[in-house]
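Q: quick one: sequence and predicted model below, then my questions.
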Amino acid sequence: LLSPLRDAGLLGTVGSVIAFAVLVLVLKLVLDWFLHTDVGLALQATGDNEEMIRSFGVSTDRMKILGLALSNALVGLAGAIIAQYQGFADISMGIGLIIAGLASVILGQAIFGSRLLVIATLAVALGSVLYRVTIQLALEAGLDPNDMKLISAVLVVVALVLPQWSIF
């Protein structure tokens, strides 16, 4: 999948960033479209108020399975793209990704969050980029790479406290 980028010498350049940004944008638009369909709205309603949507005759168990399948499909796609980008896969690649994902979502919702679905999905993507930029800045500032768990924990705390401040 990434061989044309690698052959053209574009991996690690602005070209690859643009290619991945386009991929993320396409996935975001498809996800936004899906969440505005009847099934997508039922999926959202199951997450918001399971008892209410069950009273409308929607199988909440199926909606939960659909939500898990959709999230695992996105995680699998991301893992496949990362493995292809790096050229290898390792068992330890996923360590700490739950915290990184949590921090990204919380950070995005705290800074860019909205009640509108289109903006909320954009906020999650921007939160992920902001999280990675913050980690990179921390490494460039000279912090020890072994302290990544501490940096992630501080970012999560800041993201949780951020909505409480009147600045945003």
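A: In hand now; what should we look at?
Q: helices along the protein, start to end?
A: 3-7, 14-35, 38-48, 50-55, 60-86, 97-112, 117-140, 148-161 (DSSP state H).
Q: so where's this protein shaky on pLDDT?
A: 166-168 (pLDDT under 70).
Q: in TSV, list the helices of the chain along with mean neighbour count.
A: For every residue, glycine as well, the C-beta is placed using N, CA and C. Converted to TSV, the helices of the chain look like this (neighbours: other C-beta atoms under 10 Å):
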stretch	mean neighbour count
helix 3-7	12
helix 14-35	13
helix 38-48	16
helix 50-55	13
helix 60-86	13
helix 97-112	18
helix 117-140	16
helix 148-161	15
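Q: what about residue 59, distance to residue 30?
A: Per C-beta to C-beta, to the nearest Å, residue 59 is found 24 Å from residue 30.
Q: now residue 43
A: In terms of C-beta to C-beta, residue 43 sits 14 Å off from residue 30.
Q: then residue 42?
A: Taking C-beta to C-beta, one finds residue 42 at 18 Å from residue 30.
Q: equivalent analysis for residue 134, please.
A: Distance, residue 134 to residue 30, using C-beta to C-beta: 28 Å.
Q: quick one, what contacts residue 109?
A: 120, 123, 124, 127 (C-beta atoms under 8 Å, 6 or more residues apart in numbering).
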